[in-house]
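In: How does the following fold in three dimensions:
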Amino acid sequence: MEENQTTFVGELFYDKYFYNKLFKIALPVIMQNFIASSLNMVDTMMIGRVGEKEIAAVGIANQYFLLFNLLVIGCVSGCSIFISQFWGKKDNKNIRKVLGIGLNLGVIISIIFTVIALIIPEKIILIFNKDPNVIVLGVKYLKIVSISYLFTSITFNYAIALRCIEKATIPMLISLVALITNTVLNYTFIFGNFGCKAMGVEGAALATLIARLIESIMYVTYIWRTKTVLKASLKEMFSFNKKFLLNTIKTIVPVVLNETCWGLGMIVYSAIYGRIGTKAIASAQICTTVQNLFMVISFGMANASTVMIGHVVGSGEEYKAKLYAKRFVILGFLAGLILGIILALTAKDILSIFSVSKEVLSDSLKILYITAAMLAIRVFNVTLIVGVLRGGGDTKVPLAIEGFTMWCIGVPVSLIGAFVFKLPIYLVVALSTAEEITKFFIGTKRLVSNRWIRNLTYDV
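Out: Next comes the predicted model:
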(Lines give C-alpha, C1' and ligand atoms only; values in the text may rest on other atoms or scores of the structure.)
Protein backbone atom coordinates (compact mmCIF):
# COMPACT_ATOMS: atom_id res chain seq x y z
CA MET A 1 0.00 0.00 0.00
CA GLU A 2 2.79 2.39 1.01
CA GLU A 3 4.69 1.54 -2.18
CA ASN A 4 1.61 2.29 -4.31
CA GLN A 5 1.17 5.64 -2.56
CA THR A 6 4.83 6.47 -3.14
CA THR A 7 4.49 5.57 -6.81
CA PHE A 8 1.35 7.71 -7.12
CA VAL A 9 2.99 10.72 -5.45
CA GLY A 10 6.14 10.25 -7.51
CA GLU A 11 4.16 10.01 -10.73
CA LEU A 12 2.36 13.24 -9.90
CA PHE A 13 5.17 15.39 -8.61
CA TYR A 14 8.62 14.05 -9.51
CA ASP A 15 9.21 15.03 -13.13
CA LYS A 16 11.97 17.56 -13.78
CA TYR A 17 11.04 18.06 -17.44
CA PHE A 18 7.40 18.79 -16.56
CA TYR A 19 8.21 21.38 -13.91
CA ASN A 20 10.91 23.06 -15.98
CA LYS A 21 8.42 23.51 -18.80
CA LEU A 22 5.64 24.52 -16.40
CA PHE A 23 7.74 27.29 -14.86
CA LYS A 24 8.99 28.38 -18.26
CA ILE A 25 5.42 28.95 -19.44
CA ALA A 26 3.48 29.66 -16.26
CA LEU A 27 5.84 31.99 -14.39
CA PRO A 28 5.94 34.68 -17.11
CA VAL A 29 2.13 34.49 -17.40
CA ILE A 30 1.74 34.70 -13.61
CA MET A 31 4.16 37.63 -13.45
CA GLN A 32 2.41 39.35 -16.35
CA ASN A 33 -1.01 38.97 -14.75
CA PHE A 34 0.32 39.93 -11.32
CA ILE A 35 1.81 43.11 -12.74
CA ALA A 36 -1.40 43.81 -14.66
CA SER A 37 -3.62 43.19 -11.64
CA SER A 38 -1.35 45.23 -9.36
CA LEU A 39 -1.33 48.19 -11.71
CA ASN A 40 -5.06 47.83 -12.32
CA MET A 41 -5.52 48.08 -8.57
CA VAL A 42 -3.36 51.23 -8.60
CA ASP A 43 -5.53 52.57 -11.44
CA THR A 44 -8.68 51.80 -9.43
CA MET A 45 -7.15 53.59 -6.45
CA MET A 46 -6.37 56.62 -8.63
CA ILE A 47 -9.93 56.76 -9.94
CA GLY A 48 -11.16 56.17 -6.38
CA ARG A 49 -9.30 59.30 -5.28
CA VAL A 50 -11.49 61.29 -7.66
CA GLY A 51 -14.74 59.82 -6.29
CA GLU A 52 -17.09 56.84 -5.90
CA LYS A 53 -19.17 57.82 -8.93
CA GLU A 54 -16.02 57.86 -11.05
CA ILE A 55 -14.96 54.41 -9.86
CA ALA A 56 -18.49 53.11 -10.55
CA ALA A 57 -18.52 54.71 -14.03
CA VAL A 58 -15.19 53.16 -15.04
CA GLY A 59 -16.24 49.80 -13.60
CA ILE A 60 -19.47 49.86 -15.61
CA ALA A 61 -17.78 50.93 -18.85
CA ASN A 62 -15.29 48.12 -18.36
CA GLN A 63 -18.15 45.61 -18.33
CA TYR A 64 -18.66 46.43 -22.01
CA PHE A 65 -14.94 45.90 -22.57
CA LEU A 66 -15.26 42.60 -20.68
CA LEU A 67 -17.75 41.34 -23.27
CA PHE A 68 -15.48 42.44 -26.14
CA ASN A 69 -12.49 40.99 -24.33
CA LEU A 70 -14.13 37.61 -23.86
CA LEU A 71 -15.24 37.37 -27.49
CA VAL A 72 -11.71 38.07 -28.70
CA ILE A 73 -10.18 35.84 -26.02
CA GLY A 74 -12.65 33.12 -27.07
CA CYS A 75 -11.44 33.30 -30.67
CA VAL A 76 -7.79 33.50 -29.68
CA SER A 77 -8.12 30.71 -27.10
CA GLY A 78 -9.78 28.50 -29.70
CA CYS A 79 -6.91 29.21 -32.07
CA SER A 80 -4.37 28.54 -29.30
CA ILE A 81 -5.63 24.96 -28.98
CA PHE A 82 -4.66 24.37 -32.62
CA ILE A 83 -1.37 26.29 -32.35
CA SER A 84 -0.33 24.25 -29.29
CA GLN A 85 -1.18 20.94 -30.93
CA PHE A 86 0.45 21.94 -34.25
CA TRP A 87 3.54 23.03 -32.29
CA GLY A 88 3.66 19.58 -30.68
CA LYS A 89 3.35 18.10 -34.17
CA LYS A 90 6.01 20.56 -35.52
CA ASP A 91 3.64 21.82 -38.22
CA ASN A 92 4.68 25.47 -38.71
CA LYS A 93 2.72 26.02 -41.90
CA ASN A 94 -0.63 25.39 -40.23
CA ILE A 95 0.35 27.48 -37.19
CA ARG A 96 0.56 30.52 -39.49
CA LYS A 97 -2.83 29.75 -41.00
CA VAL A 98 -4.47 29.56 -37.58
CA LEU A 99 -2.80 32.85 -36.57
CA GLY A 100 -4.30 34.46 -39.68
CA ILE A 101 -7.77 33.25 -38.72
CA GLY A 102 -7.35 34.63 -35.19
CA LEU A 103 -6.22 38.06 -36.40
CA ASN A 104 -9.10 38.25 -38.88
CA LEU A 105 -11.71 37.44 -36.26
CA GLY A 106 -10.16 39.81 -33.70
CA VAL A 107 -10.13 42.79 -36.06
CA ILE A 108 -13.75 42.21 -37.13
CA ILE A 109 -14.98 41.98 -33.52
CA SER A 110 -13.01 45.08 -32.44
CA ILE A 111 -14.43 47.22 -35.26
CA ILE A 112 -18.01 46.18 -34.41
CA PHE A 113 -17.61 46.94 -30.69
CA THR A 114 -15.89 50.28 -31.31
CA VAL A 115 -18.61 51.48 -33.69
CA ILE A 116 -21.38 50.52 -31.24
CA ALA A 117 -19.58 52.25 -28.34
CA LEU A 118 -19.19 55.44 -30.36
CA ILE A 119 -22.82 55.50 -31.56
CA ILE A 120 -24.83 54.51 -28.45
CA PRO A 121 -22.58 54.83 -25.36
CA GLU A 122 -25.42 56.14 -23.16
CA LYS A 123 -27.56 53.06 -23.76
CA ILE A 124 -24.66 50.79 -22.86
CA ILE A 125 -24.03 52.52 -19.51
CA LEU A 126 -27.77 52.72 -18.76
CA ILE A 127 -27.97 48.91 -18.73
CA PHE A 128 -25.94 48.88 -15.51
CA ASN A 129 -26.79 52.07 -13.65
CA LYS A 130 -29.45 54.80 -13.71
CA ASP A 131 -27.47 57.46 -11.83
CA PRO A 132 -27.25 60.43 -14.28
CA ASN A 133 -23.78 61.43 -13.05
CA VAL A 134 -22.45 57.90 -13.45
CA ILE A 135 -23.91 57.72 -16.98
CA VAL A 136 -22.23 61.00 -18.04
CA LEU A 137 -18.86 59.89 -16.67
CA GLY A 138 -19.19 56.39 -18.13
CA VAL A 139 -19.97 57.76 -21.60
CA LYS A 140 -16.91 60.02 -21.55
CA TYR A 141 -14.69 57.09 -20.60
CA LEU A 142 -16.20 54.60 -23.05
CA LYS A 143 -16.04 56.84 -26.15
CA ILE A 144 -12.29 57.22 -25.77
CA VAL A 145 -11.27 53.78 -24.52
CA SER A 146 -13.27 51.92 -27.22
CA ILE A 147 -10.80 53.14 -29.86
CA SER A 148 -8.16 50.94 -28.17
CA TYR A 149 -10.08 47.73 -28.94
CA LEU A 150 -8.41 47.21 -32.34
CA PHE A 151 -4.94 47.35 -30.79
CA THR A 152 -6.10 45.04 -28.01
CA SER A 153 -7.21 42.36 -30.49
CA ILE A 154 -3.81 42.39 -32.23
CA THR A 155 -2.03 42.21 -28.87
CA PHE A 156 -4.07 39.23 -27.65
CA ASN A 157 -3.44 37.20 -30.80
CA TYR A 158 0.32 37.59 -30.75
CA ALA A 159 0.64 37.27 -26.96
CA ILE A 160 -1.18 33.94 -26.75
CA ALA A 161 0.47 32.59 -29.91
CA LEU A 162 3.91 33.34 -28.44
CA ARG A 163 2.99 31.44 -25.27
CA CYS A 164 1.91 28.45 -27.37
CA ILE A 165 5.34 28.27 -29.03
CA GLU A 166 7.06 28.49 -25.62
CA LYS A 167 8.09 32.14 -25.76
CA ALA A 168 6.02 33.34 -22.80
CA THR A 169 8.71 35.72 -21.54
CA ILE A 170 8.21 38.10 -24.49
CA PRO A 171 4.52 38.89 -23.73
CA MET A 172 5.48 39.41 -20.08
CA LEU A 173 8.15 41.98 -20.94
CA ILE A 174 5.99 43.81 -23.47
CA SER A 175 3.07 43.83 -21.05
CA LEU A 176 5.32 45.20 -18.30
CA VAL A 177 6.35 48.17 -20.46
CA ALA A 178 2.76 48.82 -21.57
CA LEU A 179 1.30 48.60 -18.07
CA ILE A 180 3.91 50.87 -16.51
CA THR A 181 3.25 53.32 -19.35
CA ASN A 182 -0.47 53.11 -18.62
CA THR A 183 0.03 53.79 -14.91
CA VAL A 184 2.35 56.77 -15.50
CA LEU A 185 -0.09 58.22 -18.04
CA ASN A 186 -2.98 57.66 -15.61
CA TYR A 187 -1.12 59.63 -12.97
CA THR A 188 -0.44 62.34 -15.54
CA PHE A 189 -3.88 62.64 -17.13
CA ILE A 190 -6.26 61.83 -14.25
CA PHE A 191 -4.79 64.32 -11.76
CA GLY A 192 -3.18 66.82 -14.14
CA ASN A 193 0.50 66.24 -13.40
CA PHE A 194 3.61 67.15 -15.45
CA GLY A 195 1.94 70.22 -16.93
CA CYS A 196 -1.22 68.43 -18.15
CA LYS A 197 -4.72 69.45 -17.10
CA ALA A 198 -6.71 67.13 -14.81
CA MET A 199 -9.00 65.00 -17.00
CA GLY A 200 -10.50 62.53 -14.51
CA VAL A 201 -12.08 59.48 -16.17
CA GLU A 202 -11.29 60.83 -19.64
CA GLY A 203 -7.62 60.88 -18.65
CA ALA A 204 -7.82 57.23 -17.56
CA ALA A 205 -9.34 56.30 -20.93
CA LEU A 206 -6.71 58.23 -22.89
CA ALA A 207 -3.92 56.57 -20.91
CA THR A 208 -5.33 53.13 -21.76
CA LEU A 209 -5.62 54.01 -25.46
CA ILE A 210 -2.01 55.19 -25.72
CA ALA A 211 -0.67 52.20 -23.75
CA ARG A 212 -2.56 49.71 -25.96
CA LEU A 213 -1.23 51.38 -29.11
CA ILE A 214 2.35 51.17 -27.83
CA GLU A 215 1.82 47.54 -26.79
CA SER A 216 0.56 46.44 -30.23
CA ILE A 217 3.45 48.22 -31.97
CA MET A 218 5.94 46.38 -29.73
CA TYR A 219 4.40 42.99 -30.59
CA VAL A 220 4.41 43.60 -34.35
CA THR A 221 7.98 44.93 -34.19
CA TYR A 222 9.20 41.88 -32.24
CA ILE A 223 7.49 39.39 -34.56
CA TRP A 224 8.92 40.97 -37.69
CA ARG A 225 12.44 41.45 -36.34
CA THR A 226 12.85 37.86 -35.15
CA LYS A 227 12.70 34.51 -36.89
CA THR A 228 9.87 32.89 -34.94
CA VAL A 229 7.32 30.72 -36.70
CA LEU A 230 4.81 33.57 -36.25
CA LYS A 231 6.66 35.78 -38.74
CA ALA A 232 4.51 35.23 -41.79
CA SER A 233 3.38 37.08 -44.89
CA LEU A 234 -0.30 37.85 -45.46
CA LYS A 235 -0.30 35.13 -48.11
CA GLU A 236 0.97 32.54 -45.59
CA MET A 237 -1.55 33.57 -42.93
CA PHE A 238 -4.51 33.59 -45.28
CA SER A 239 -3.65 30.52 -47.37
CA PHE A 240 -6.19 28.32 -45.59
CA ASN A 241 -8.89 26.61 -47.66
CA LYS A 242 -12.58 26.27 -46.85
CA LYS A 243 -12.18 22.88 -45.12
CA PHE A 244 -9.37 24.16 -42.88
CA LEU A 245 -11.37 27.27 -41.97
CA LEU A 246 -14.56 25.34 -41.19
CA ASN A 247 -12.77 22.74 -39.05
CA THR A 248 -11.01 25.49 -37.13
CA ILE A 249 -14.20 27.51 -36.66
CA LYS A 250 -16.00 24.36 -35.50
CA THR A 251 -13.66 24.17 -32.52
CA ILE A 252 -13.42 27.94 -31.95
CA VAL A 253 -17.20 28.55 -31.80
CA PRO A 254 -17.81 26.58 -28.56
CA VAL A 255 -14.89 28.44 -26.94
CA VAL A 256 -16.28 31.80 -28.08
CA LEU A 257 -19.75 30.83 -26.84
CA ASN A 258 -18.21 29.66 -23.57
CA GLU A 259 -16.38 32.95 -23.03
CA THR A 260 -19.40 34.96 -24.16
CA CYS A 261 -21.72 32.98 -21.92
CA TRP A 262 -19.39 33.57 -18.98
CA GLY A 263 -18.90 37.22 -19.89
CA LEU A 264 -22.61 37.90 -20.17
CA GLY A 265 -23.01 36.26 -16.79
CA MET A 266 -20.39 38.60 -15.32
CA ILE A 267 -22.22 41.52 -16.88
CA VAL A 268 -25.52 40.33 -15.38
CA TYR A 269 -23.84 40.03 -11.98
CA SER A 270 -22.56 43.61 -12.36
CA ALA A 271 -26.00 44.80 -13.43
CA ILE A 272 -27.48 43.15 -10.33
CA TYR A 273 -24.91 44.86 -8.11
CA GLY A 274 -25.46 48.17 -9.92
CA ARG A 275 -29.21 48.01 -9.32
CA ILE A 276 -28.58 47.33 -5.62
CA GLY A 277 -26.82 50.71 -5.53
CA THR A 278 -23.77 52.76 -6.48
CA LYS A 279 -22.01 51.78 -3.23
CA ALA A 280 -22.66 48.11 -3.98
CA ILE A 281 -21.07 48.26 -7.43
CA ALA A 282 -18.15 50.28 -6.00
CA SER A 283 -17.57 47.44 -3.49
CA ALA A 284 -17.86 44.86 -6.27
CA GLN A 285 -15.38 46.78 -8.46
CA ILE A 286 -12.82 47.03 -5.64
CA CYS A 287 -13.16 43.34 -4.75
CA THR A 288 -12.94 42.23 -8.37
CA THR A 289 -9.68 44.15 -8.70
CA VAL A 290 -8.29 42.52 -5.54
CA GLN A 291 -9.59 39.07 -6.54
CA ASN A 292 -7.87 39.31 -9.92
CA LEU A 293 -4.61 39.97 -8.11
CA PHE A 294 -5.00 36.71 -6.19
CA MET A 295 -6.21 34.78 -9.24
CA VAL A 296 -3.05 35.35 -11.28
CA ILE A 297 -1.79 31.88 -10.37
CA SER A 298 -4.86 30.35 -12.01
CA PHE A 299 -4.22 32.24 -15.26
CA GLY A 300 -0.66 30.94 -15.29
CA MET A 301 -1.76 27.38 -14.55
CA ALA A 302 -4.51 27.53 -17.18
CA ASN A 303 -2.19 28.87 -19.87
CA ALA A 304 0.54 26.37 -19.05
CA SER A 305 -1.89 23.44 -19.03
CA THR A 306 -3.45 24.46 -22.36
CA VAL A 307 -0.03 24.70 -23.99
CA MET A 308 1.61 21.64 -22.40
CA ILE A 309 -1.37 19.33 -22.76
CA GLY A 310 -1.88 20.60 -26.31
CA HIS A 311 1.74 19.75 -27.11
CA VAL A 312 1.51 16.14 -25.87
CA VAL A 313 -1.91 15.56 -27.45
CA GLY A 314 -0.61 16.93 -30.76
CA SER A 315 2.40 14.62 -30.61
CA GLY A 316 0.14 11.62 -29.85
CA GLU A 317 1.15 11.08 -26.18
CA GLU A 318 -2.23 10.50 -24.52
CA TYR A 319 -0.80 8.96 -21.35
CA LYS A 320 1.19 12.12 -20.69
CA ALA A 321 -1.90 14.24 -21.30
CA LYS A 322 -3.81 12.37 -18.56
CA LEU A 323 -0.86 12.57 -16.17
CA TYR A 324 -0.31 16.29 -16.81
CA ALA A 325 -4.01 16.94 -16.24
CA LYS A 326 -3.89 15.35 -12.76
CA ARG A 327 -0.83 17.37 -11.85
CA PHE A 328 -2.31 20.66 -12.99
CA VAL A 329 -5.63 20.42 -11.14
CA ILE A 330 -4.01 19.25 -7.89
CA LEU A 331 -1.40 22.01 -8.04
CA GLY A 332 -4.15 24.52 -8.85
CA PHE A 333 -6.24 23.51 -5.85
CA LEU A 334 -3.27 23.65 -3.46
CA ALA A 335 -2.17 27.04 -4.78
CA GLY A 336 -5.71 28.39 -4.40
CA LEU A 337 -5.87 27.10 -0.83
CA ILE A 338 -2.66 28.91 0.13
CA LEU A 339 -3.71 32.13 -1.63
CA GLY A 340 -7.11 32.02 0.07
CA ILE A 341 -5.47 31.95 3.49
CA ILE A 342 -3.19 34.85 2.53
CA LEU A 343 -6.16 36.89 1.24
CA ALA A 344 -8.15 36.30 4.43
CA LEU A 345 -5.20 37.43 6.57
CA THR A 346 -4.43 40.55 4.52
CA ALA A 347 -7.92 41.70 3.43
CA LYS A 348 -8.16 44.55 5.96
CA ASP A 349 -4.72 45.89 5.08
CA ILE A 350 -5.47 45.75 1.35
CA LEU A 351 -8.73 47.67 1.72
CA SER A 352 -7.10 50.34 3.89
CA ILE A 353 -5.47 51.83 0.78
CA PHE A 354 -8.84 52.66 -0.84
CA SER A 355 -10.37 56.08 -0.13
CA VAL A 356 -14.06 55.14 0.00
CA SER A 357 -16.85 55.30 2.57
CA LYS A 358 -17.01 53.05 5.66
CA GLU A 359 -20.05 51.26 4.23
CA VAL A 360 -18.19 50.38 1.02
CA LEU A 361 -15.16 49.21 3.04
CA SER A 362 -17.32 47.08 5.35
CA ASP A 363 -19.12 45.34 2.47
CA SER A 364 -15.86 44.92 0.57
CA LEU A 365 -14.22 43.19 3.55
CA LYS A 366 -17.06 40.67 3.80
CA ILE A 367 -16.90 40.00 0.05
CA LEU A 368 -13.14 39.41 0.26
CA TYR A 369 -13.60 36.88 3.08
CA ILE A 370 -16.11 35.01 0.89
CA THR A 371 -13.66 35.19 -2.02
CA ALA A 372 -10.87 33.80 0.18
CA ALA A 373 -13.01 30.84 1.25
CA MET A 374 -13.75 29.97 -2.40
CA LEU A 375 -10.32 30.59 -3.91
CA ALA A 376 -9.12 26.95 -3.95
CA ILE A 377 -12.24 25.79 -5.81
CA ARG A 378 -12.14 28.80 -8.14
CA VAL A 379 -8.49 28.21 -9.14
CA PHE A 380 -9.21 24.49 -9.61
CA ASN A 381 -12.14 25.30 -11.92
CA VAL A 382 -10.20 27.77 -14.05
CA THR A 383 -7.26 25.38 -14.40
CA LEU A 384 -9.57 22.52 -15.39
CA ILE A 385 -12.12 24.24 -17.65
CA VAL A 386 -9.97 26.89 -19.33
CA GLY A 387 -6.71 24.95 -19.28
CA VAL A 388 -6.85 21.16 -19.15
CA LEU A 389 -10.05 20.42 -21.07
CA ARG A 390 -9.39 22.98 -23.79
CA GLY A 391 -5.78 21.91 -24.18
CA GLY A 392 -7.05 18.39 -24.77
CA GLY A 393 -9.28 19.66 -27.60
CA ASP A 394 -12.52 19.36 -25.59
CA THR A 395 -14.56 22.54 -26.16
CA LYS A 396 -18.24 21.56 -26.23
CA VAL A 397 -18.53 20.01 -22.75
CA PRO A 398 -16.82 22.96 -20.98
CA LEU A 399 -19.38 25.20 -22.71
CA ALA A 400 -22.21 23.08 -21.31
CA ILE A 401 -20.66 23.07 -17.82
CA GLU A 402 -20.09 26.84 -17.73
CA GLY A 403 -23.50 27.59 -19.25
CA PHE A 404 -25.43 25.36 -16.86
CA THR A 405 -23.69 26.36 -13.63
CA MET A 406 -23.83 30.09 -14.35
CA TRP A 407 -27.24 30.54 -15.97
CA CYS A 408 -29.18 27.82 -14.17
CA ILE A 409 -27.60 28.24 -10.72
CA GLY A 410 -25.40 31.32 -10.13
CA VAL A 411 -27.42 34.03 -11.86
CA PRO A 412 -30.90 32.86 -10.70
CA VAL A 413 -29.94 32.63 -7.01
CA SER A 414 -28.26 36.05 -7.20
CA LEU A 415 -31.36 37.60 -8.79
CA ILE A 416 -33.58 36.06 -6.12
CA GLY A 417 -31.26 37.18 -3.33
CA ALA A 418 -31.00 40.76 -4.61
CA PHE A 419 -34.55 41.50 -5.76
CA VAL A 420 -36.82 39.06 -3.92
CA PHE A 421 -35.14 38.93 -0.50
CA LYS A 422 -33.42 42.36 -0.87
CA LEU A 423 -30.17 40.99 0.56
CA PRO A 424 -27.04 43.18 0.94
CA ILE A 425 -24.30 42.93 -1.68
CA TYR A 426 -22.04 40.56 0.30
CA LEU A 427 -24.81 37.97 0.79
CA VAL A 428 -25.72 38.14 -2.91
CA VAL A 429 -22.06 37.45 -3.72
CA ALA A 430 -22.12 34.53 -1.25
CA LEU A 431 -25.15 33.04 -3.02
CA SER A 432 -23.39 33.30 -6.40
CA THR A 433 -20.65 30.92 -5.20
CA ALA A 434 -23.12 28.05 -5.70
CA GLU A 435 -22.04 28.27 -9.34
CA GLU A 436 -18.39 27.47 -8.57
CA ILE A 437 -19.24 24.64 -6.17
CA THR A 438 -21.46 22.92 -8.73
CA LYS A 439 -18.87 23.45 -11.47
CA PHE A 440 -16.22 21.79 -9.28
CA PHE A 441 -18.14 18.50 -9.05
CA ILE A 442 -19.32 18.37 -12.68
CA GLY A 443 -15.86 19.32 -13.99
CA THR A 444 -14.15 16.67 -11.89
CA LYS A 445 -16.47 14.02 -13.30
CA ARG A 446 -15.52 15.05 -16.84
CA LEU A 447 -11.82 14.96 -15.99
CA VAL A 448 -11.81 11.41 -14.61
CA SER A 449 -13.81 10.14 -17.62
CA ASN A 450 -10.76 10.78 -19.89
CA ARG A 451 -13.13 11.57 -22.76
CA TRP A 452 -11.73 15.09 -23.13
CA ILE A 453 -8.66 14.11 -25.20
CA ARG A 454 -9.07 14.93 -28.89
CA ASN A 455 -6.22 15.38 -31.37
CA LEU A 456 -7.44 18.23 -33.58
CA THR A 457 -4.50 18.02 -35.99
CA TYR A 458 -6.13 14.97 -37.55
CA ASP A 459 -9.26 16.95 -38.45
CA VAL A 460 -7.57 19.60 -40.59
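
In: give the contact list for K89.
Out: G314, S315, T457 (Cβ atoms under 8 Å, 6 or more residues apart in numbering). From N, CA and C alone the C-beta is placed, and that goes for glycine too.

In: Look up how far I83 lies from it.
Out: According to Cβ to Cβ, to the nearest Å, K89 and I83 sit 11 Å apart.

In: Identify the spatial nearest neighbour of I111, chain neighbours not counted.
Out: L150 (6.9 Å; Cβ to Cβ, 6 or more residues apart in numbering).

In: which residues sit against stretch 331-348?
Out: 290, 294, 297-298, 301, 365, 368-369, 371-380, 382-384.

In: buried sites along that stretch?
Out: L331, G332, F333, A335, G336, L339, G340, L343, A347 (16 or more other Cβ atoms under 10 Å).

In: same check, this time on stretch 389-406
Out: Buried residues in stretch 389-406 (16+ other Cβ under 10 Å): 389-399, 401-402, 404-406.

In: what's the most distant pair in these?
Out: G393 and M406 (22.8 Å; Cβ to Cβ).

In: List the residues that contact the residue nearest to I111.
Out: Counted by Cβ under 8 Å, 6+ apart, L150 has contacts V107, S110, I111, T114.

In: By neighbours, which of these wins?
Out: S110 (23 neighbours; other Cβ atoms under 10 Å).

In: all strands for the stretch 251-400 of the chain, in order.
Out: Along the stretch 251-400 of the chain, no segments are classed as strands by DSSP state E, counting those that start in this stretch.

In: Any stretches of it with poor pLDDT?
Out: Low-confidence segments of the stretch 251-400 of the chain, defined by pLDDT under 70, are absent.

In: circling back: with distance to V428 added, can I get the buried residues of stretch 331-348 in JSON lines?
Out: JSON lines is the format used below for the buried residues of stretch 331-348 (distance: Cβ to Cβ, whole Å):
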{"residue": "L331", "distance to V428": "32"}
{"residue": "G332", "distance to V428": "27"}
{"residue": "F333", "distance to V428": "26"}
{"residue": "A335", "distance to V428": "27"}
{"residue": "G336", "distance to V428": "22"}
{"residue": "L339", "distance to V428": "23"}
{"residue": "G340", "distance to V428": "20"}
{"residue": "L343", "distance to V428": "20"}
{"residue": "A347", "distance to V428": "19"}
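
In: Which of the residues you listed fall in helices?
Out: Among these, the members found in helices (DSSP state H) are L331, G332, F333, A335, G336, L339, G340, L343, A347.

In: Would you tell me which one of those residues comes nearest to D131?
Out: For those, the nearest to D131 is A347 (27.7 Å; Cβ to Cβ).

In: Could you report the separation of V386 from V256?
Out: Between V386 and V256 the computed distance is 13 Å (Cβ to Cβ).

In: What strand or helix carries the nearest residue to C196 once chain neighbours are set aside?
Out: Distances taken as Cβ to Cβ, 6+ apart place T188 nearest to C196, at 5.3 Å, with adjacent residues excluded. Using DSSP states H and E, T188 sits in helix 169-191.

In: thought the residue nearest to C196 was touching A204?
Out: No: using Cβ atoms under 8 Å, T188 is not in contact with A204; the gap is 10.7 Å.

In: Neighbour count for the two, which is higher?
Out: Neighbours were counted for T188 and for A204 using other Cβ under 10 Å; A204 has more, 28 against 18.
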